[in-house]
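Colleague: quick one, what's the 3D model for this:
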Amino acid sequence: MRKWIEAMRLRTLPVSVAGVIAGISCAILSEDFNAVPACLCLAFAVLAQIASNFGNEYYDFKNGIDKKGRSGFRRGVTEGEIAPGAMKCATYLTLFAAAVVGCMLLLYGPWWLIIVGALIMLFALAYSAGPYPLSHHGWGDVAVIVFFGIVPATFTCFLQSGTWDSLCFSLPTSLAVGLLAANVLVVNNYRDAEDDAAVGKRTTVVIFGRRAMLHFYLLSGVAAVIIMLPLWRVLPLWALSVPAMYLLLHFITWRSLRRAQGAELNQLLGRTAVNLLFFSLSLLLVVIVTDCIGF
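Modeller: Numbers count the residues shown, from 1 in each chain. The predicted model follows:
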């Protein structure tokens with residue numbers, strides 16, 4: 001069980017949770033909160049990410065990307081602790097579970113959500129599998145911004161309200177969350193740059209270099225806060241403590257990232273994910289308090 005939990009990569013799961021929480025915040029701000037579809041969106045997002053993580057482990061092993069004794073988190077399949085067939089089966093079973101949850105969401109939205117759900121599950125596999133794995137050709141960061149930021153935040157809000165009326169809030173918030181989620185991938189690829197380059201895996205860190213992606217990491221955190229200006233403007237002044245605290249944590253993590261090497265980066269990957277979760281949960285708390293006091 002420990003090996004399977006490790007394969008889920010719990011340190012990265014805040015990435016999928018944050019987008020849904022951001023969507024819930026926007027729905028509350030628009031007075032459209034609905035607990036049932038919100039919880040279903042959360043379950044779908046987590047299952048889809050776990051399936052993607054399982055698939056990444058299986059297909060990277062199959063393609064010879066991962067090596068034993070790597071600096072990153074242990075890979076059960078690569079280390080011989082989990083059979084490749086079992087990991088492949090777990091990938092598709094988890095995708096099936098996500099599909100079941102997605103079908104339940106049809107009770108709260110139109111039929112074309114089937115297409116959206118299918119695209120999300122296709123991305124979960126296409127990230128590492130297929131003739132053109134996105135993560136192997138520099139498209140992983142863009143895919144994370146779209147499928148861990150824009151899609152979960154906007155659609156979580158939509159499924160609670162049934163309209164796109166709150167898009168003026170949910171769209172910038174979703175883009176901000178997507179940028180912060182991409183930073184988790186940046187740290188992951190920053191750590192694995194040499195190994196990835198050796199096997200021809202062209203991540204953005206391999207393509208643009210560590211120095212350039214360090215700048216991206218810092219600037220994306222600042223940009224995320226600025227992008228959310230439409231949301232900050234409708235919240236009370238004290239709500240600005242959220243972006244202020246996040247930027248402080250972000251800058252501290254960035255400074256550590258500049259000096260860290262090898263396995264030390266595993267901790268910074270977790271801290272980057274926690275910073276994202278802190279940001280989304282703090283935003284939710286601010287919106288709830290604002291709604292309660294009737295600002």
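Colleague: doesn't residue 185 make contact with residue 141?
Modeller: Yes: contact criterion CB atoms under 8 Å: residue 141 and residue 185 qualify, at 5.8 Å. From N, CA and C alone the C-beta is placed, and that goes for glycine too.
Colleague: could you report the neighbour count for residue 60?
Modeller: 22 (other CB atoms under 10 Å).
Colleague: these two touch, right, it and residue 75?
Modeller: Yes: shown here, residue 60 and residue 75 form a contact pair, counting by CB under 8 Å, at 7.5 Å.
Colleague: for residue 64, give me its contacts.
Modeller: Taking CB atoms under 8 Å, 6 or more residues apart in numbering, we find residue 64 in contact with residue 199.
Colleague: what about it, which SS state?
Modeller: coil (DSSP: H, G, I helix; E, B strand; the rest coil).
Colleague: could I get the phi/psi values of it?
Modeller: Taking degrees, to the nearest 10, you get phi 70, psi 30 for the backbone angles of residue 64.
Colleague: report all helices and strands that the lengthiest helix in the chain contacts.
Modeller: Longest among the helix segments of the chain by residue count, using DSSP state H, is helix 264-293. Other helices and strands packing on helix 264-293, by 3 or more CB pairs under 8 Å, 6 or more residues apart in numbering; DSSP states H and E, are helix 14-29, helix 167-191, helix 241-259.
Colleague: how about stretch 87-95: buried residues?
Modeller: 87-88, 90-91, 94-95 (16 or more other CB atoms under 10 Å).
Colleague: now do the helices in the stretch 51-200 of the chain.
Modeller: Along the stretch 51-200 of the chain, counting by DSSP state H, counting those that start in this stretch, helices occupy 84-104, 113-126, 140-145, 151-161, 167-191, 193-198.
Colleague: just tell me which of those ends up closest to residue 31.
Modeller: helix 151-161 (8.8 Å; CB to CB).
Colleague: report the angle between that closest one and helix 113-126.
Modeller: Relative orientation of helix 151-161 versus helix 113-126 (axes from the mean of the first three to the mean of the last three CA atoms, to 10 degrees): 160 degrees.
Colleague: list the helices and strands helix 151-161 packs on?
Modeller: Here helix 151-161 touches helix 14-29, helix 35-62, helix 113-126, helix 167-191, going by 3+ CB pairs under 8 Å, 6+ apart.
Colleague: between the last one and helix 14-29, how big is the angle?
Modeller: For helix 167-191 and helix 14-29, the angle between their directions (the same axes, to 10 degrees) works out to 170 degrees.
Colleague: how far does the strand or helix carrying residue 6 sit from the chain's center?
Modeller: Element membership for residue 6, per DSSP states H and E: helix 2-8. Centroid separation for helix 2-8 versus its chain: 18 Å, with CA atoms, centre = their mean, to the nearest Å.
Colleague: do stretch 39-48 as well
Modeller: 12 Å.
Colleague: give me the contacts around that stretch.
Modeller: Taking CB under 8 Å, 6+ apart as the rule, stretch 39-48 contacts 13, 16-17, 19-20, 23, 94-95, 97-98, 101-102, 104-105, 108, 117, 120-121, 124, 152, 155-156, 159.
Colleague: buried residues, it. List them.
Modeller: 40-48.
Colleague: next one: stretch 194-214
Modeller: For stretch 194-214, using 16+ other CB under 10 Å, the buried residues are 195-196, 201, 203-206, 213-214.
Colleague: quick check: the farthest pair among these?
Modeller: Using CB to CB, those reach their maximum pairwise distance at 201 and 214, which is 19.5 Å.
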